[in-house]
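Enquirer: I would like the atomic coordinates for the input below:
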Amino acid sequence: MIEHGYAVSGMSCGHCAQSVTEEIAALPGVAGVDVDVPARRVLVRAETALADDDVRAAVEEAGYTFEGAV
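Expert: Coordinates of the predicted model:
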């Protein structure tokens, strides 16, 4: 299992976290997603390496701003 950390802005509540979680969880190979709204961080556990562009697209589809890997 590989852990990936990302900074995401624009989230302010549990609904935001749920939206981001659902979009990222739909990516191939993703086994789990943990969102820390106050810290603006998303931790993704995946079976393989994830492309930042794929994660960016998922975050933007949820309506938030992908700031990059951390």
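
Enquirer: close enough to count as contact, Gly63 and Gln18?
Expert: No: between Gly63 and Gln18 there is no contact under CB atoms under 8 Å: 11.8 Å. From N, CA and C alone the C-beta is placed, and that goes for glycine too.

Enquirer: Which residue ranges of the protein form helices?
Expert: Counting by DSSP state H, the chain forms helices over residues 14-25, 52-62, given from the N-terminal end onward.

Enquirer: Export the ones you listed to JSON lines and append columns for distance to Val33.
Expert: Output for the helices of the chain, formatted as JSON lines (distance: least, CB to CB, whole Å):
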{"stretch": "helix 14-25", "distance to Val33": "5"}
{"stretch": "helix 52-62", "distance to Val33": "10"}
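
Enquirer: how about those, which one is nearest Arg45?
Expert: helix 14-25 (10.4 Å; CB to CB).

Enquirer: The closest one packs against which elements?
Expert: Applying 3 or more CB pairs under 8 Å, 6 or more residues apart in numbering; DSSP states H and E, one finds that helix 14-25 makes contact with strand 30-36, strand 41-46, helix 52-62.

Enquirer: For it, the averaged confidence score.
Expert: Mean pLDDT, taken over the full extent of helix 14-25, equals 96.

Enquirer: Can you lay out the helices of the chain as CSV showing mean neighbour count and distance to Gly5?
Expert: Shown next, in CSV, are the helices of the chain (neighbours: other CB atoms under 10 Å; distance: least, CB to CB, whole Å):
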stretch, mean neighbour count, distance to Gly5
helix 14-25, 17, 12
helix 52-62, 17, 11
